[in-house]
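1. Got a predicted structure plus its sequence, pasted below:
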Amino acid sequence: MADQAPVIVWFRRDLRLDDHPALAAAAETGRPIVPLFIHDETVEVLGAAPRYRLGLGLAAFAAALERRGLRLILRRGRALEVLKALVAETGARAVHWTRYYEPAHIARDRQVKSWAAASAIEARSFPGALLHEPTQILTQAGHPYSVFTPFWRRLRQGPVPAPEAVPPLLRPPATWPASDELASWKMDAPMNRGAAILRPHIRPGEAAALERLSTFLEEKLHRYADRRDFPTEEAASGLSDHLAWGEISPRRIWAEAMARKDHDAALDSAAEKFLSELGWRDFAWHLMYHNPTLATENWRKGWEAFPWRRDNEDAARWRRGMTGVPFVDAGMREMYVTGRMHNRVRMVAASYLTKHLLTDWRVGLAWFADCLTDWDPASNALGWQWVAGSGPDAAPYFRIFNPDAQADRFDPERVYCNRFLGEGRDGRGAFSDAYFDAVPRWWNLDRATPYPKPIIEHSAGRARALSAYEHFRGQ
């Protein structure tokens, strides 16, 4: 019977029940729902830490579905083949999913829609990953934006759609199709011994995301604008990995922050700064949608001629947190131990690689893609190109962060640096020791390894970078 044919809700980076238009639309049909996650080629290419984080998120989401009487069906293979098989097994006549704007995802989804149209299967994609879809905010001439400020001004002019509530009733099918065991996917395998170090720093799942949002708005929002750049003060929201895996929607965050702002006028400037960071995330995806090579090619024309070095021994020392520059190394080790890196430190570490070490930004982007649990392809691509000077709305190339001055300003007592750098100090902390427990053995690093001298001092690195830029610009 047509009204008994299930709806497959294909989950990807949207592991939540709240504000999930694809799920809500499926529930509104009154038909049974088969939740599905596919381990396809877009999962295969994930770095070690993102894949591990995804596995934890899937476990948390599967448990949340079970509490609502549903099961998360896990299948491995090419998405189109998996969907064909599941439709045949279940008799489903509809597939719903949330749109995601990475180029590989777009190409895959188009194939699925073509097959569905030819097979009389209803294939519907829905918003939910962003505040606004990338095609909704355009210049007056109908073109995409390339500068954040006018993009943000335009976004702020109109209302953000209100988040949708969790559907009150989610109907299971009479018979559940077979599912892989999550453990058989071995999502933690690429982490090797680092998984045990990273695990205490991850709180996966929608419930944790909503709790973290509530705590941030109640206890931290008032100091966000003034203190967010200080890495030891925990003034940021901590929501980046939840956003990356869709355990909370940006529209839910926006709505809750706006409600708090409207309730307390004293929070206006802090809330606006926080909201603008959500806008920056939308801007990154706006750019990637309209420029699909954002993560692989210089956005500014001519920058392929810049004399960046490809991977090199200095970059290897940067990856290992052994540049001899404490603020940079602390950030690189924070990332390896916790899966995160404070945003201010990310900018400094990226600047050091691309400016002081004259290394191609794509080398750094690839390492972040392997190590960050909050890996977001668009935001990170935009961030790297912004720092390097090759991207849209980029910092000028001659803006070169002084890592020592940055530490003086944002870590004056060196609390952050000392938290992650233990060499040569008595009473090393748990974080600094954990780094040596997590790194690959072939790096030949341990607690007795002397802390190195800087690869290059700031003044020399700045002069070299500016000389390279002047030569490049004069060509």
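-> In hand now; what should we look at?
2. The top strand by length along the chain pairs with which strands, parallel or anti?
-> Secondary structure assigned by DSSP state E gives strand 33-39 as the longest strand of the chain. Here strand 33-39 is paired, per DSSP bridges, with strand 7-11 (parallel), strand 73-76 (parallel).
3. next structured bit after it?
-> Tracing the chain past strand 33-39, the next element assigned as helix or strand by DSSP states H and E is helix 41-44.
4. what's in contact with that next one?
-> 12, 51, 54, 78, 102, 104-105, 108 (Cβ atoms under 8 Å, 6 or more residues apart in numbering). Every residue, glycine included, has its C-beta placed from N, CA and C.
5. List the ones among the residues you listed that fall in helices.
-> Using DSSP state H, the members of those that fall within helices are 51, 54, 104-105, 108.
6. Narrow those residues to just the buried residues.
-> Neighbour counting with 16 or more other Cβ atoms under 10 Å marks 51, 54, 105, 108 as buried within those.
7. re the thing from before, take the ones in helices among the contacts of helix 41-44 and write them to TSV, including distance to P150 and pLDDT.
-> Below are these laid out as TSV (distance: Cβ to Cβ, whole Å; pLDDT from 0 to 100):
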residue	distance to P150	pLDDT
R51	37	98
L54	35	98
A104	29	94
H105	27	96
R108	32	96
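8. TSV for these, including distance to G238?
-> Compiled in TSV, the ones in helices among the contacts of helix 41-44 are given as follows (distance: Cβ to Cβ, whole Å):
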residue	distance to G238
R51	21
L54	18
A104	28
H105	26
R108	31
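9. Show me which pair in the buried ones among the ones in helices among the contacts of helix 41-44 is furthest apart.
-> Pairwise distances across these peak at 17.9 Å for R51 and R108 (criterion: Cβ to Cβ).
10. distance of A129 from I121?
-> According to Cβ to Cβ, to the nearest Å, A129 stands 23 Å off from I121.
11. List the buried residues in the longest helix along the chain.
-> Of all the segments of type helix in the chain, defined by DSSP H, the longest one is helix 268-290. Of the residues in helix 268-290, those buried under the neighbour-count criterion (16+ other Cβ under 10 Å) are 270-271, 274-290.
12. Where does the prediction get shaky in the stretch 351-475 of the chain?
-> 394-395, 424-428, 475 (pLDDT under 70).
13. quick revisit: out of the ones in helices among the contacts of helix 41-44, the closest to A295 would be?
-> A104 (10.6 Å).
14. Distance of the closest residue to F11 other than its chain neighbours relative to G246?
-> In space, F11 comes closest to F37 once its chain neighbours are excluded; the distance is 5.1 Å by Cβ to Cβ, 6 or more residues apart in numbering. Distance, F37 to G246, by Cβ to Cβ: 11 Å.
15. If you drop the residues flanking it in sequence, what lies closest to the residue nearest the centre of the chain?
-> In the chain, the C-alpha nearest the mean C-alpha coordinate belongs to D376, at 2.7 Å (Cα atoms, centre = their mean). The spatially closest residue to D376, leaving aside those adjacent along the chain, is A244, at 4.8 Å (Cβ to Cβ, 6+ apart).
16. Quick one: residues contacting the one you found.
-> Listed by Cβ under 8 Å, 6+ apart, the contact set of A244 reads 13, 50, 53, 373-376.
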